[in-house]
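Engineer: Provided below are the primary sequence and the corresponding predicted coordinates.
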Amino acid sequence: MLSDNTKSYLHLHLIVFIWGFTAILGALISLDALPLVWFRMLFAVGFIAVFIYFKKLPLRVSKKSLLQFIFAGLIIALHWFTFFKAIKVSNVSVTLACLSTGAFFASLLEPILYGKKVVWYEVFLGIIVVFGLYIIFNVEGNYWEGIILALISAFLSALFAVINSKFVKEHDATVISFYELAGGVFFFSIFLLFGNSINADFFQLTTQDFVYLLILSSVCTAYAFIASTSVMKFLSPYTVMLTINLEPIYGIILAVLIFKEKEQMSFEFYIGALIILFTVLLNVIIKSRKKAVQSH
């Protein structure tokens, strides 16, 4: 029999593989980024609501917490919007390579938002990441719009993670997810209404898009969101962070296998992407070593 730790570790790899597949679905769905994210969040709220109902989780939170969750929902909605928009204007490989800079945005945001000390080795590693990005920009300059959108998406992802880390200490992760995604739907509904985008045609989805959206919102959003918090009970934050950073590798391999020529990039692109990924993983390893030394 597998131990809880081994089961959780294998489960985490499955979740990360699913997240890598999110980008593939984004490329396969024919909708624009804004309606794509709106439907994704709307369906996911429905799936999470069903889960909350059967688990009989209390939804009561203070007015202050509710407003914070809804604001965080806007951040995650904008993160997904820029993420899918980047895929639409460039491709999956470029988007995922740039998205892996999120860990460095997080190391810059924590000192700003929570007054934590600036960690100088993180600044140095951040410079190496910029070098990796420079290589990608140089060889894939025709994808500049996708690169910029993916970097904005990475920043928003880091901002969301830093803010959310405070919420999870005080509230149930599923309840937080429910309010955040509902908040995202609320804000994007306002955008769509003001843009006169919501009409009969808006709701006419092709069967293929509808099926992909169901997979995206149930497996890749609701399930992955809830499951990723449950594995954290058995695994160290180091293991979780290290494994999550493998998402771009899974995603880029999947993209090349599924989309073939469209996703095959130049040799220099892969060098740039490897520099970024290696630096991000190195950051996690150094952090974990420092924590181990401090705890002894």
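Structural biologist: Alright, I've got the coordinates.
Engineer: give the contact list for I136.
Structural biologist: Applying C-beta atoms under 8 Å, 6 or more residues apart in numbering, we find I136 in contact with 94, 97-98, 147, 268-269, 272-273. To be clear about C-beta, it is placed using only N, CA and C from the backbone, and glycine gets the same treatment.
Engineer: typo on my end, I190
Structural biologist: Counting by C-beta under 8 Å, 6+ apart, I190 has no contacts.
Engineer: let's number from 243 now, not from 1
Structural biologist: Okay, residue one is now 243; in that scheme the one you just asked about reads as I432.
Engineer: so what pLDDT did it get?
Structural biologist: pLDDT for I432: 93.
Engineer: for F289, same thing?
Structural biologist: According to the model, F289 scores 94 on pLDDT.
Engineer: tell me which residues touch it, please.
Structural biologist: Going by C-beta under 8 Å, 6+ apart, the list of residues near F289 reads 459-460, 463-465.
Engineer: same question for D451.
Structural biologist: With C-beta under 8 Å, 6+ apart, D451 has these contacts: 271-273.
Engineer: where does it fall, secondary structure wise?
Structural biologist: Here D451, judged by DSSP states H and E, is contained in helix 449-459.
Engineer: do me a favour and average the pLDDT over that helix.
Structural biologist: 96.
Engineer: just stretch 360-372 next, same as before
Structural biologist: 82.
Engineer: buried among the contacts of I378? Make that a ChimeraX selection.
Structural biologist: Buried subset of the contacts of I378, written as a ChimeraX selection, criterion 16 or more other C-beta atoms under 10 Å:
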select :336,339,340,389,511,514,515
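Engineer: among the contacts of I378, which two are most distant?
Structural biologist: C340 and E510 (14.9 Å; C-beta to C-beta).
Engineer: mind listing which of the contacts of I378 are in helices?
Structural biologist: 336, 339-340, 389, 510-511, 514-515 (DSSP state H).
Engineer: low pLDDT regions in the stretch 243-392 of the chain?
Structural biologist: Applying pLDDT under 70 to the stretch 243-392 of the chain flags residues 243.
Engineer: of the ones in helices among the contacts of I378, which is the nearest to L299?
Structural biologist: Looking across the ones in helices among the contacts of I378 and measuring by C-beta to C-beta, the closest to L299 is C340, at 36.0 Å.
Engineer: from F511, how far out is the closest one?
Structural biologist: 11 Å (C-beta to C-beta, to the nearest Å).
Engineer: what's the answer for F373, then?
Structural biologist: 14 Å.
Engineer: who's in contact with the residue nearest the centre of the chain?
Structural biologist: In the chain, the residue lying closest to the centroid (C-alpha atoms, centre = their mean) is S399, at 6.0 Å. Listed by C-beta under 8 Å, 6+ apart, the contact partners of S399 are 321, 325, 341, 344, 347.
Engineer: just list the residues touching the closest residue in space to I377 that isn't next to it in sequence, thanks.
Structural biologist: Spatial nearest neighbour of I377, chain neighbours left out: G514 (3.4 Å); criterion: C-beta to C-beta, 6 or more residues apart in numbering. Counting by C-beta under 8 Å, 6+ apart, G514 touches 339, 374-378, 381.
Engineer: ranking those residues by neighbours, who comes first?
Structural biologist: Counting neighbours by other C-beta atoms under 10 Å, the top entry in the contacts of G514 is A339, with 28 neighbours.
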